[in-house]
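In: turn this into a model:
(2 chains, ligands or ions: 2)
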Amino acid sequence: MAAEIKRRKILVLGATSALGYEALKHFAKDGDQFFLVARNPKRLETVADDLKVRGAGKVETLQADFNDFDRHPKLIAQAVSALGGLTTVLIAHGLLPDQGACQKDYALTEEALRVNFLSEVSLLTIIANQFEEQKQGEIAVITSVAGDRGRASSYVYASAKAALDTFLSGLRNRLAKSNVQVLTIKPGLIETPMTANLERKPLIVKPTGVGRDIYKAILKKKEVLYTPWWWRIIMAVLVCIPEKIFKRTNL
Amino acid sequence: MFHTKAYLRNQYECWGRVFRFEHGIEPVFWRDEAPKLESLPGPLLPYGMGRSYGDVCLNSGGVLLDTSYLNHFLTFDPQTGLLRCEAGVTLFEILDQFVPEGWFLPVTPGTKYVTVGGAIANDVHGKNHHVGGTFGCHVKRLELLRSSGERFLCSAEENAEMFRATIGGLGLTGLILWADIQLKKIEGPWIHMETEKFSNLDEFFGITEASDEAFELTAAWIDCATQTRGFQRGIVIRGNYGHEGAHKKSARAKGPRVAVPFDLPGFCMNRTVLRMFNAVYAGKQRKKRETGRVHYESFFYPLDILGNWNRLYGKKGFYQYQCMVTDDKKHSGCKALMKKVSDRRMDSFLAVLKKCGPIKSPGLLSFPREGIAVAMDFPNGGEKLLKFFKELDAIVQDYDGCVNLSKDARMPPESFKVFYPQWENFGKLKDPKFSSSFWRRVTGEAG
Ligand SMILES: Cc1cc2nc3c(=O)[nH]c(=O)nc-3n(C[C@H](O)[C@H](O)[C@H](O)COP(=O)(O)OP(=O)(O)OC[C@H]3O[C@@H](n4cnc5c(N)ncnc54)[C@H](O)[C@@H]3O)c2cc1C
Ligand SMILES: NC(=O)c1ccc[n+]([C@@H]2O[C@H](COP(=O)([O-])OP(=O)(O)OC[C@H]3O[C@@H](n4cnc5c(N)ncnc54)[C@H](OP(=O)(O)O)[C@@H]3O)[C@@H](O)[C@H]2O)c1
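Out: Ligands and ions are numbered 1, 2, ... in the order given. Below you'll find the model as predicted:
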C-alpha cells in the first residue's frame, strides 16, 4: 500500500540510462534509497554522486553486465542486503541494435533479444518471487511503443519489447493479488544516447518530461504508461491499420 | 559518432533568430568520455541552451558540442554553499534543488533557462551587479577540455590565464566540463520588492542612487514609446531577499505556463508587447511607489512564464542592443543614447537600465564594467536598424563603453576591436580548433 512506503528502497538495473536517470532524480528528492547497477563504473559514479546531492538517503552501486545471467541472483541478493529489503525495482537498460546488421547476422539478433528480453525475464523471475512473498512492492520496466507494431526498420528491437510487454502483462495479472504493482513504461521517441544516431526522429522530445511521467506513474500505481501521452493515440491508430495495407507502408 | 543530418532541426538557433545556420551536432554524453575533439571535422563550439541573442552560440558549417547531457551535480557542501556541477546543468535545476535548502544563485540573468557553461562563457550579470559583480566572480574553479585532448583545472591560482580567458570567453577557449560555484545563503524564496515610478532620466538616476545603498537588487524599465513625446517614464524595480521561510513546495522553481507554439507574423509584436507592457506598467502601478512581497520567480524571471516568447517576433527575428556607458555627474552618456533613440523614433518598446558597480570580473573579455548598462529589443528592421545601431556604437565609443557580445548579432569588426582592445591577447588563449560565427564575423578569421 502506498501509505506503507514512505522512503522507497529502489533497485535500479541500468542506472546509467538517460531515461532512468530522469526518473531517479525525482525519487532522490524524496530522500529515497538506491542500489544502482550498471556496467560502466565511471558513469555509475556520476549518477550516484548526482543523486546524493539531490537528497538521496543512501546510494550503493554495483558494476555488472546484464548479459552475465549467472550473476543475477547474487546481484539482487546484494541489493536486498545493502538496503535492508526492497520496495521498488526499475529496469531501464536496453539496446537499440542496428536492424540491417541483425538481418545479416543472427548472432546480433540473438544478442539484442538477450539484452532486451531475456535478461529482464531472468531478473524479474527472481524479483517477482520475492515481492510476491513480501506481499508488496513496485516493479517498473521500460519497454517501448515500438513493441506495439513491428516495422521493417526496427522489428528485432520491437519484437523483444513486445515479448517483454506480454510477459509484464502476465506478471501483473499474477502479482495483483499479492499487492505488487507492475508498471509497463512505453516511451515514444526520446532524445537520449540511444537515439542519437538515428536518421529520422519524428516527434522527438527531451527526456525530462518522461522522467516525471515515470515517477508519477509509480506513485499513482498505474499499469501502463505511454510517455509522452500522445504516443498512446499514435500507436492506437497504427495498430488499427490492416496488415494488407501496413505491409506496404514505410514508417 | 558524428551526426550531421540527424539533428538538423531548428532547435539549434540563437534567441534573436536573425540567423539560421546548418551545423553538425556532437552531443557530449559523459564528462569522462568526451568525444575526441581532434578527430571531429571543422571548427567546434559548445552549445548550452541557445539563450544568447546572437551568433556567439552559433557555428555555421561547423560542429556544435551539445552539452545538454552534462546535467549532473557532483558535490554540494551544505555548510559553505559550494556547488560543483557539470556545465550543462541549468540555472533552473539549481534553483529547483537549492532554493528549498536555503541557497540562491550568486548572480542570475533574466531567464533561468541557461546553462552554467553558458553563464560562465558569457559572464552574465544581473540585478545585483552593483554589490555582487558578474557570475564569473563566483566561479571558484572549473575543468576545461581543449581540442588537444588535454584537461586543465583552472582557478585564480592554477592556470590563471586560462581561467580568466574562459570566463566571458564565449566558448572559444575549450569545453567547460564542470565548475565550482559559490551559492548565496537565503532564508526563503521571497523578495521584498519596491517599485518606484519616474518620468525623466534625472529622476531615474536620483532614485537609483538612493536605492543602490539600501537594495541588493535593482534595475529599471523604461517605456520608450513615450520618449518621442518628450519624457521617459519608467519604473525602478528593487528588492532584497526576504527573511521568512516557506513551505518546500512553494520554494521550487516553476516551468513555463504557456508556450508560443509557432512563429507569429512579425507585425503582432507591436500590439502584443505594448499590451503586455501596459498591463504591467500602467495597469498595475498607479501610485508613485509600491511595496510588496513577491516570489523570486516573478521578480527575476517574469518572461519565463511564456516559453519561446522570442517567436512573438515572427520569422525575421529580433535584435537586442545592450551597451555600457561610463557615468558622470550629468549622466550624459545615458542621456545621449536615449536621445538618439527618440530622435530616430525607433520602436523599442522597452529598455532596461542597470547601474553596474565597480566590482571587477576576472574575465578577460567580460562585458560589464562600472557605468550604466542599457538594453533594448528591436524587431528585425533590416538596413535601417543596422544603420541606427552604428549610430549608437558611436555614442558608446564616445563614452568609453562597450556593447555586450552575448547579445550581439551585427557589430562591425572595427567596433569590436575598439570595444574590446584585449581581443588580441584573448586570441592567444583561444583554442585553435574552436570558433564561432560571431568570432569569424568580428575578427575576419577564416573557419
Ligand atoms: C530572456 C533573457 C534574459 C536575459 N537576461 C540577461 C541578463 O540579465 N544578464 C546577462 O548577462 N545575460 C542575459 N541574457 C543572456 C543569457 O543569459 C546568456 O546569453 C547566457 O550565456 C545563455 O546561456 P546558454 O546556456 O543558453 O548558452 P548558449 O547561448 O548556448 O551559449 C552561450 C555561450 O556559451 C558558450 N558555452 C556554453 N556552454 C559551454 C561550455 N560547457 N563550455 C564552454 N563554453 C560554453 C557557447 O559556446 C556560447 O559562446 C538573457 C537572455 C534571455 C533570453
Ligand atoms: N530513447 C528512446 O527513444 C526510447 C524509446 C523507447 C524505449 N526506450 C527504452 O528505454 C530504455 C533506456 O534507454 P535510454 O533511451 O535511456 O538510452 P541509454 O541512455 O542509452 O540507456 C541504455 C542503458 O542500457 C544499458 N545497457 C545496455 N546493455 C547493457 C548490458 N548488457 N548490461 C548492462 N547495461 C546495459 C546502458 O549501459 P551503458 O551506459 O554502460 O552503455 C545504458 O545505461 C531502454 O530499454 C530503451 O529500449 C528508449
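In: residues touching the closest residue to ligand 1 within the stretch 101-250 of chain A, list them.
Out: Using CB to the nearest ligand atom, the closest approach of the stretch 101-250 of chain A to ligand 1 is made by A:Lys206 at 14.4 Å. In this view, the C-beta of every residue, glycine as well, is placed from N, C-alpha and C. With contact set as CB atoms under 8 Å, 6 or more residues apart in numbering or on different chains, A:Lys206 has these partners: A:190-191, B:68.
In: now pLDDT, secondary structure and distance to ligand 1 too, for these, in JSON lines please.
Out: Formatted as JSON lines, those follow (pLDDT from 0 to 100; DSSP: H, G, I helix; E, B strand; the rest coil; distance: CB to the nearest ligand atom, whole Å):
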{"residue": "A:Ile190", "pLDDT": "96", "secondary structure": "strand", "distance to ligand 1": "21"}
{"residue": "A:Glu191", "pLDDT": "93", "secondary structure": "coil", "distance to ligand 1": "16"}
{"residue": "B:Ser68", "pLDDT": "94", "secondary structure": "coil", "distance to ligand 1": "10"}
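In: report the buried members of the residues you listed.
Out: Among those, those scoring as buried are A:190-191, B:68 (criterion: 16 or more other CB atoms under 10 Å in any protein chain shown).
In: restrict those residues to contacts with ligand 2.
Out: A:Ile190 (CB under 6 Å from any ligand atom).
In: nearest to ligand 2, of the buried ones among the contacts of A:Lys206?
Out: A:Ile190 (3.8 Å).
In: tell me the bridge partners for that closest one.
Out: Going by DSSP bridges, A:Ile190 is paired in beta bridges with A:Val205.
In: my guess is it meets A:Val210, correct?
Out: Yes: in this structure, A:Ile190 is within contact of A:Val210 by CB atoms under 8 Å, at 5.6 Å.
In: what's the following helix or strand after the least confident helix or strand in chain B by mean pLDDT?
Out: Of all helical and strand segments in chain B, the minimum by mean pLDDT, DSSP states H and E falls on helix B:268-278, at a mean of 55. Under the assignment DSSP states H and E, the closest C-terminal helix or strand after helix B:268-278 is strand B:289-295.
In: list the buried ones in stretch B:156-176?
Out: B:159, B:162-176.
In: now the strands for the stretch 101-250 of chain B?
Out: Counting by DSSP state E, counting those that start in this stretch, the stretch 101-250 of chain B has strands at residues B:103-104, B:139-145, B:151-155, B:175-182, B:184-185, B:190-198, B:217-223, B:234-241.
In: do you know how far the nearest residue in space to B:Ser348 that is not next to it in sequence is from chain A?
Out: Distance criterion CB to CB, 6 or more residues apart in numbering or on different chains; nearest residue to B:Ser348, sequence neighbours excluded, is B:Met376 at 3.9 Å. Separation of B:Met376 from chain A (CB to the nearest CB, to the nearest Å): 32 Å.
In: B:Met376 touches B:Val341, doesn't it?
Out: Yes: counting by CB under 8 Å, B:Met376 sits close enough to B:Val341 to count as a contact (7.0 Å).
In: check contacts around residue 14.
Out: Using chain A here. Contacts of A:Gly14 by CB under 8 Å, 6+ apart are A:20, A:37-38, A:66, A:91-94.
In: ah, no, chain B please
Out: B:50, B:52-58, B:409.
In: fine, thanks again, bye for now.
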